[in-house]
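**Student:** Here is a sequence together with a model predicted from it:
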Amino acid sequence: MTATARSSADPSTDPDTGPGADTDTRPPGAGGGDAPRGLREFYENPAVPVASGDARTLRQARMLAAALGPAAARPAVVLDVGCGDGTAAATAAPLLAGHRIVGVDWSQDALRRARTRLPDVVRGELGTGRLPFRSGAVDAVLFSEVIEHLVDPDSALDELRRVLRPGGHLMLSTPNLAAWYNRALLLAGVQPVFSEVSLRGIHGRPGSEVVGHLRLCTARALRELVAASGFEVVRVAGAPFHGVPRPMRPLDRLACAAPSLSSILLLHARRR
């Protein structure tokens with residue numbers, strides 16, 4: 001970690017586990033012990049996509065901006081946990097003007113790219129120990145398309161709850177296992193979109209990119225998981241998926257009106 005990043009993160013960092021400790025961390029939420037070598041290398045591969053579509057980003061940012069209110073009243077500290085290359089945070093920044101966005105990621109390659117887009121980036125992981133922030137230090141967490149990559153989502157949500165102040169906001173997004181087209185594909189015996197059985201290639205489903213998805217949720221399962229982790233679920237909304245073929249995109253946008261059918265689930269929760 002650079003001295004600049006360490007300095008900019010100091011107001012909300014934990015002195016015992018602060019960002020100056022550039023330890024050998026693991027893929028987000030990899031659980032106990034060392035991460036599998038193949039999984040570690042997978043997430044450090046520059047060819048692995050680390051950015052998601054603007055439609056999801058903008059919808060999520062609007063939800064967070066409405067929850068936080070104007071920055072003039074009280075500037076908030078927002079962590080983008082799993083920030084990837086910083087594209088999503090940079091896209092959301094104009095809607096969160098005046099609030100401070102800090103990008104957090106495990107991948108050194110992603111952070112190198114994120115530093116070109118964000119003033120504050122910190123290396124951190126959700127596998128063991130703690131994120132390099134004090135308990136109750138932040139006002140909101142963006143957790144966008146991360147939970148589906150985790151071995152241990154329960155511990156990850158516990159850690160996000162720790163760093164949030166009471167009443168702080170969690171904005172989580174994840175692909176929907178029960179998206180409208182996945183229901184049809186499964187009935188036809190086809191592996192659902194977003195689900196993966198290998199880190200080496202696509203098997204049995206549409207698509208061409210391997211992105212490392214380990215877990216997928218339905219809207220109901222996501223609500224129950226987040227509530228069980230000490231959050232009050234405020235709202236679940238839907239967002240379209242940028243990878244849907246162009247002729248099907250109007251239908252995909254229409255499905256957002258019923259989040260349980262949408263491509264992407266957007267969940268807003270508050271820390272109890």
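**Tutor:** That came in fine, so what should we check first? Numbering: from 1, shown residues only.

**Student:** Show the residue spans covered by the helices in the stretch 101-250 of the chain.
**Tutor:** Remark: helices assigned in the stretch 101-250 of the chain by DSSP state H, counting those that start in this stretch are 108-114, 153-163, 180-187, 219-228, 249-255.

**Student:** Need the ones you listed in a markdown table (columns: distance to Leu68 and mean pLDDT).
**Tutor:** For the C-beta atoms, the positions are set from N, CA and C on the backbone; glycine is no exception. As requested, these are arranged in a markdown table below (distance: least, Cβ to Cβ, whole Å; pLDDT from 0 to 100):
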| stretch | distance to Leu68 | mean pLDDT |
| --- | --- | --- |
| helix 108-114 | 22 | 92 |
| helix 153-163 | 16 | 97 |
| helix 180-187 | 31 | 98 |
| helix 219-228 | 19 | 98 |
| helix 249-255 | 26 | 98 |
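
**Student:** which one of those helices lies closest to Glu125?
**Tutor:** Judged by Cβ to Cβ, the one of those that comes nearest to Glu125 is helix 153-163, at 9.6 Å.

**Student:** C-alpha coordinates for stretch 240-254, CSV please?
**Tutor:** Output in CSV follows, covering the C-alpha atoms of stretch 240-254 (Å, rounded to 0.1, in the frame of the first residue of the first chain):
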residue,chain,number,x,y,z
PRO,A,240,-31.2,-5.1,-15.7
PHE,A,241,-28.1,-7.1,-16.7
HIS,A,242,-25.9,-5.6,-19.3
GLY,A,243,-25.1,-9.0,-20.8
VAL,A,244,-28.7,-9.8,-21.9
PRO,A,245,-28.9,-10.0,-25.7
ARG,A,246,-30.1,-6.8,-27.2
PRO,A,247,-33.5,-8.1,-28.5
MET,A,248,-34.4,-9.2,-24.9
ARG,A,249,-33.4,-6.0,-23.1
PRO,A,250,-36.8,-4.4,-23.1
LEU,A,251,-38.2,-7.5,-21.4
ASP,A,252,-35.3,-7.5,-19.0
ARG,A,253,-36.0,-3.9,-18.0
LEU,A,254,-39.7,-4.7,-17.6
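
**Student:** who touches it?
**Tutor:** 52-56, 175, 179-181, 193, 207, 255-256, 262-264 (Cβ atoms under 8 Å, 6 or more residues apart in numbering).

**Student:** Relative to Leu214, which of these is nearest.
**Tutor:** If you rank the contacts of stretch 240-254 by distance to Leu214 using Cβ to Cβ, Pro175 comes first, at 11.9 Å.

**Student:** mind checking which of the helices of the stretch 101-250 of the chain is nearest Leu199?
**Tutor:** helix 108-114 (16.5 Å).

**Student:** mind checking the longest helix of the chain?
**Tutor:** helix 54-68 (DSSP state H).

**Student:** In it, which residues are buried?
**Tutor:** Ala55, Arg56, Thr57, Leu58, Arg59, Gln60, Ala61, Met63, Leu64, Ala65, Ala67, Leu68 (16 or more other Cβ atoms under 10 Å).

**Student:** that older thread, adding distance to Gly124 and mean neighbour count as columns, could you present the helices of the stretch 101-250 of the chain in TSV?
**Tutor:** Putting those into TSV (distance: least, Cβ to Cβ, whole Å; neighbours: other Cβ atoms under 10 Å) gives the following:
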stretch	distance to Gly124	mean neighbour count
helix 108-114	10	19
helix 153-163	9	21
helix 180-187	32	15
helix 219-228	21	17
helix 249-255	33	16
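
**Student:** Which elements pack onto the helix or strand following the longest helix of the chain?
**Tutor:** With elements assigned by DSSP states H and E, the helix or strand that comes after helix 54-68 is strand 77-81. Applying 3 or more Cβ pairs under 8 Å, 6 or more residues apart in numbering; DSSP states H and E, one finds that strand 77-81 makes contact with strand 100-105, strand 138-144.

**Student:** which outside residues touch the last one?
**Tutor:** In this case it means strand 138-144. 12, 52, 56-57, 60, 64, 67-68, 76-82, 88-89, 92, 99, 101-102, 160, 163-165, 168-173.

**Student:** are any of those residues buried, and which?
**Tutor:** By 16+ other Cβ under 10 Å, those give 12, 52, 56-57, 60, 64, 67-68, 76-82, 88-89, 92, 99, 101-102, 160, 163-164, 168-173 as buried.
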